[in-house]
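# Sharing a sequence plus its predicted fold:
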Amino acid sequence: MSGRSDASLAAEAARRRVELREARAALAEANRMLLGVFLRDRLADPADFEVYVGADAVLDRRGAIVWGRVDQMLGELLAAKPHLAAADGAAPLRRGVSAVDLFLAET
């Protein structure tokens with residue numbers, strides 16, 4: 001026995017649960033931003049991906065984005081709803097725009 005009280009162990013377990021929730025929330029937010037940047041030049045409105053596909057459909061068990069699945073689902077979405085595609089010649093990620101600006105921009 002470690003000599004730690006039940007109250008001490010319970011407090012540590014509660015603290016770890018909070019840390020895990022915060023880490024999952026941070027991962028979800030990072031995924032949302034990465035997916036938005038990826039979809040920016042492929043869909044007229046990147047939010048349509050969430051509406052028609054949902055970000056959960058492209059995540060693995062750990063919550064990481066499976067990019068092959070994103071490509072597959074995006075292809076299926078655009079095949080079914082080609083009007084959602086970004087206009088031809090849509091500006092690819094612009095030079096001179098910092099990554100911070102890209103992530104902070106509304107998608």
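Thanks, I have it.
# how about the nearest residue to the residue nearest the centre of the chain, chain neighbours excluded?
Nearest residue to the geometric centre of the chain (Cα atoms, centre = their mean): residue 31, 2.1 Å. Counting by Cβ to Cβ, 6 or more residues apart in numbering, residue 31 lies nearest to residue 65, which is 5.4 Å off, once chain neighbours are set aside. For every residue, glycine as well, the C-beta is placed using N, CA and C.
# Check the burial of the one you found by counting its neighbours.
By other Cβ atoms under 10 Å, 18 other residues sit near residue 65.
# That one and residue 88, how far apart?
26 Å (Cβ to Cβ, to the nearest Å).
# next one: residue 53
Taking Cβ to Cβ, one finds residue 53 at 22 Å from residue 88.
# Looking at these two, which one has more neighbours?
The neighbour comparison of residue 53 against residue 88 (other Cβ under 10 Å) goes to residue 53, with 16 against 5.
# The more buried one reaches residue 71, doesn't it?
No - using Cβ atoms under 8 Å, residue 53 makes no contact with residue 71, being 11.8 Å away.
# so how far is stretch 68-78 from its chain's centroid?
The chain centroid and the centroid of stretch 68-78 are separated by 15 Å under Cα atoms, centre = their mean, to the nearest Å.
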